[in-house]
Each structure stands twice: as C-alpha cells, then as structure tokens.
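**Student:** take a look and give me a structure for this.
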Amino acid sequence: MNLTGRPKIFTWHIHGSYLFYLSLGNYDIYIPVKNEKAEGYYGRGETFPFGDNVHEVPADAVKDYDFDCILFQTNTNYLTDQYEILTEKQRELPKIYLEHDPPRQHPTDTMHIIDDKDILLVHVTHFNRLMWDNNNTPTKVIEHGVTTPEIPYSGELAKGIVVINNLPSRGRLLGLDIFLEIRKYIPLDLVGMGTGELGLGEVLHPQLPGFISKYRFFFNPIRYTSHGLAVCEAMMLGIPVIGMATTEMPTVINNDVNGYIHTDISKLIEKMKALLNDKQAAVNMGIEGRKTALERYNIKRFVKDWEQTFQQVIETYLYRISSYEA
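**Tutor:** Down below sits the predicted model:
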C-alpha cells in the first residue's frame, strides 16, 4: 500500500462519463482491460479524453500491482470479478462500493448486496440512499459533478432533445411510452446508443454539448432510475430541463424557475409548447438551471468529495490494521 503521495484506486470501466469525471481528481485510477472488451474491461477507450492518471492494466497482470483502495461499481464486480483478477491480499484492501442506481426489485424493500461494516457504500443521490435497505453498511452520498462547457446555449431549434442510451429496449423504466406519447404533439429528437429507428443514433460525449445546445429544451422522460448525468450536463449548458417529478428531480427543479417537472404528461406538453412559442422564456429558465448546476454539480466539489472519501477510507483501514497488530 502506498502510504504517501497520490492514492492508487483500482476499479472497472462501467460508466464512461462517470469515470471521466471521477478521473479529474488528485489520484491515480487503474482499470483492467481484456482483448474481448467485456463489461468493465473496455480499458480507456476512445470516447473520453482521459488524462495520464487513468492507467490500463491487463486483467491477468492486476495481481502484480499495488493499490490503495478497491472501488466496486456493480454486483458482478463484487461477486465475481474481484475473485477472478485480485489476489487475496488485494481483496483485503480498503473497499468502496459505488451504487449508481436505486433498487430495481422493489423500491423500498430491496436489501443491498453489500452488508459489511468495513465497506463504504457510496450513493449518487439522497433518494437512492433513502430507498435502498443498506443493511449494516456505512453509507455516504456524493452527488454528481460535471464540467462547465464553453459552448453557449442558443435554443435556435424549436424542438426538444432526449439523450438516453438504448431507449427502445429499456422500455417503461426509461419512459419509452412517455416519449412516444409526447412525440405525437411535440417535436422531439432522440440521441444515444441503440436508438434504432426512433432516434438519430449516438453522439459521442465530447461532441454532445455542441449538438444539444441548439435545441429549445431538454426532456427527460425517465420514470425511475438515478439522477442522470445527462440532466446535470444539460443544466450546466443552460438548456431548460423538463422531466418527470420522480426520484431526485423534485429536489433539483423549481417549477417555472430553473426547469419544469410533473407527473401529469399533459402538463409537460403544455410547458413544452410554451417554451417552443417563447424562446426568451426558455433562455431565462436555462440561465436559472445553470445557476443551480454550478452550485450543486460543481466539478471541484465532486472531486474534492471523492479525494476526501478515498483518504478517509484508506486512513480508517490503516488505523484498523494498526489496532489489530497492537
């Protein structure tokens, strides 16, 4: 274990955009890679401009490295991957489980897979932590952080933009039916991986701000997932956000001030029509949304939270080990 200098964090490449924002902190991240590019083993890839602190490690060579902390992000990471590529000694290192989503099996009665007082369970929203049964595991919330794009919002296209990967196959959970219903009345474009005939296809993350900045508003039809990074990024860009009044959204959006949310689809359609007919109202709403994003999703706050969390977990582990030895 590295007791001085930058912490060495081992994790898997699960959510590319989250990993990119995470990598902006003062630590080194090591990710395994396999030739077949299986989930979690993609390596750096070519989509995100990762810095020199993100290191690829051949999966069969992970055992030869010294790390300071293991960061799990999926059940597979925890139940399978760690036993396949980490040594017994590495598996004794400080551990964090980063939970990206709310519970799926049952919204209130699902027990998290982690039940270990020596592992820190990090949630990305307070809603998620509230809904999970976290067992006896210590928890913490680190809300999203996103960078501030230099591209200005123009809103010149009298359309709404939806950014969701694989919406056709993910169905009601992601609001496929809501998207299809509203599109009968409002011009909406869809971008993302696996959009099929419903959308325009994938727009790579570095090009996304410039692409969506021309749309009048950003629409998030998702019923029940975590608070999307795409929503945070849209707010940071100054695009007015319209969405469902579910999960974390009611704590973020103040209606007719920094966005608009509702559980009545007809109300959403009314607001969309109003923004299409009044560009200045969209501009004003977007400005307020950006203020919210700058305060709540500041990338400096985000990486500071993670730097402190890694430090605290490592220091707690070292104290526990020293106590055992004493």
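**Student:** quick one: end-to-end length of stretch 189-197, please.
**Tutor:** One end of stretch 189-197 to the other measures 11 Å (Cα to Cα, to the nearest Å).
**Student:** got it, and stretch 153-170?
**Tutor:** Stretch 153-170: ends 29 Å apart by Cα to Cα.
**Student:** tell me which residues of it come out buried.
**Tutor:** For stretch 153-170, burial by neighbour count (16 or more other Cβ atoms under 10 Å) applies to 153, 155, 157, 159-164, 167-168. Yep, even glycine has a C-beta here, placed from its N, CA and C like the rest.
**Student:** one more: stretch 20-29?
**Tutor:** Buried-residue list, stretch 20-29, by 16+ other Cβ under 10 Å: 20-25, 27-29.
**Student:** now stretch 183-198
**Tutor:** Using 16+ other Cβ under 10 Å as the test for burial, stretch 183-198 gives 183, 186, 188-192, 195, 198.
**Student:** where does the prediction get shaky in the stretch 1-150 of the chain?
**Tutor:** Along the stretch 1-150 of the chain, the model assigns pLDDT under 70 to residues 1-4.
**Student:** L198 touches S169, doesn't it?
**Tutor:** No - if you go by Cβ atoms under 8 Å, L198 and S169 don't touch, sitting 10.7 Å apart.
**Student:** format the buried residues of stretch 183-198 as a markdown table; extra columns: secondary structure, distance to V313 and pLDDT.
**Tutor:** Below are those laid out as a markdown table (DSSP: H, G, I helix; E, B strand; the rest coil; distance: Cβ to Cβ, whole Å; pLDDT from 0 to 100):
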| residue | secondary structure | distance to V313 | pLDDT |
| --- | --- | --- | --- |
| R183 | coil | 45 | 98 |
| I186 | coil | 46 | 98 |
| L188 | strand | 43 | 98 |
| D189 | strand | 42 | 98 |
| L190 | strand | 39 | 98 |
| V191 | strand | 37 | 98 |
| G192 | coil | 34 | 95 |
| T195 | coil | 39 | 94 |
| L198 | helix | 42 | 96 |
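**Student:** one step back: which ones among the buried residues of stretch 153-170 map onto strands?
**Tutor:** Taking DSSP state E, the ones among the buried residues of stretch 153-170 that sit in strands are 157, 159-163.
**Student:** which one of those residues is nearest to I96?
**Tutor:** Nearest to I96 out of these is V163 (Cβ to Cβ; 28.0 Å).
**Student:** in the helix ranked longest in the chain, what counts as buried?
**Tutor:** If you go by DSSP state H, the chain has its longest helix at helix 299-325. Under the neighbour-count criterion of 16+ other Cβ under 10 Å, helix 299-325 has 299, 302-303, 305-306, 309-310, 313-314, 317 buried.
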